[in-house]
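> Test case, fold it:
(chains A and B)
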Number of protein chains: 2
Amino acid sequence: MGVLRRFTGEKGNYSWDGVEVEAYDADGAVGGSRQVVIGKRDGAFNFGLRYYEIAPGGQTSFDRHHHDHGVYVLRGTARLMMGPAVYDIGPGDIVYIRPNEQHQFENAGEEPFGFLCAVPPRD
Amino acid sequence: MGVLRRFTGEKGNYSWDGVEVEAYDADGAVGGSRQVVIGKRDGAFNFGLRYYEIAPGGQTSFDRHHHDHGVYVLRGTARLMMGPAVYDIGPGDIVYIRPNEQHQFENAGEEPFGFLCAVPPRD
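Residues are numbered from 1 along each chain as shown, chains lettered A, B, ... in the order given. Coordinates of the predicted model:
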């Protein structure tokens, strides 16, 4: 049967029932955590959904890879480098990052920057 | 290059730059709208992301199909029928609906029920 992940967070604390908060320690990433809210352990093999949170002053990896991303900003603001462009983004904004497109999020704000990230199947 | 869909909504109006609000008129659905926030027109072929909104008293289609869903509730509350189970869900809750699992959302509340839905590639 399907899986319900109840939101257990309060303001300032995004968390879900049964979901572990992991360090997000990809190369070059600073101040981040990761929660796999839908993944293979749920039997989901066609896509995954994760929640990332980056502390003020932190950043995601300066990344370029084959899989694409769909991003929905839940909280805070960030500077997004995507290909040759730079954007300031905030809550509700949606980003599609293409396969092999260079990208990085920097949290230049004063509160955590949190986003959901949809990914295709991958190893 | 990738695509930024800026959130242009205010409280009570979820909308994004360049995204059309379509009727969601699947068989049995009542009171719904749909916005494809990431889709094939963006060059996204590995997954899609949509925003659905169901008016009070409305419902999604009583659906069962091969593709699975990842759902993130943005606003309002609903009764979710998933397989043999019934859940009351609200903002921040996350649902994974497996392939071929019967499912339906009913908005029994007094405000719109809105959710993001991730889907794998499909026709």
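
> quick one: low-confidence parts of chain A?
A:122-123 (pLDDT under 70).

> Residue B:16 versus the most centrally placed residue in it, what's the distance?
Centroid check for chain A by Cα atoms, centre = their mean gives residue A:52 as the closest residue, at 3.5 Å. Computed as Cβ to Cβ, to the nearest Å, the residue A:52 to residue B:16 distance reads 20 Å. For glycine as for every other residue, the C-beta is placed from the backbone atoms N, C-alpha and C.

> sorry, back to before: for chain B, see how far away the residue nearest to the centre of chain A is.
14 Å (Cβ to the nearest Cβ, to the nearest Å).

> Could I have the CA atoms of stretch A:75-83 written out in CSV?
What follows is stretch A:75-83, C-alpha atoms only, in CSV (Å, rounded to 0.1, in the frame of the first residue of the first chain):
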residue,chain,number,x,y,z
ARG,A,75,11.1,28.4,3.0
GLY,A,76,13.8,31.1,2.9
THR,A,77,15.6,32.7,0.0
ALA,A,78,18.7,31.7,-2.0
ARG,A,79,20.8,32.8,-4.9
LEU,A,80,20.6,30.2,-7.7
MET,A,81,23.3,29.8,-10.2
MET,A,82,21.9,27.8,-13.2
GLY,A,83,24.0,27.6,-16.3
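
> What is the longest strand of chain A by residue count?
Looking across chain A with DSSP state E, the single longest strand is strand A:48-59.

> What is that one packed up against?
Strand A:48-59 sits against strand A:30-38, strand A:103-106, strand A:113-119, with contacts defined as 3 or more Cβ pairs under 8 Å, 6 or more residues apart in numbering or on different chains; DSSP states H and E.

> Next, the angle from it to strand A:30-38.
170 degrees (axes from the mean of the first three to the mean of the last three Cα atoms, to 10 degrees).

> packing partners for the next helix or strand after strand A:48-59?
Per DSSP states H and E, strand A:48-59 leads on to strand A:69-75 as the next helix or strand towards the C-terminus. The contact analysis (3+ Cβ pairs under 8 Å, 6+ apart) places strand A:69-75 against strand A:94-97, strand A:113-119.

> Return the distance of the closest residue to residue A:43 other than its chain neighbours relative to residue B:60.
Closest residue to residue A:43 apart from its sequence neighbours, by Cβ to Cβ, 6 or more residues apart in numbering or on different chains: residue B:98 at 6.2 Å. According to Cβ to Cβ, residue B:98 stands 16 Å off from residue B:60.

> Between the two, tell me which one has more neighbours.
It is residue B:60, of residue B:98 and residue B:60, that has more neighbours when counted by other Cβ atoms under 10 Å in any protein chain shown, with 25 against 17.
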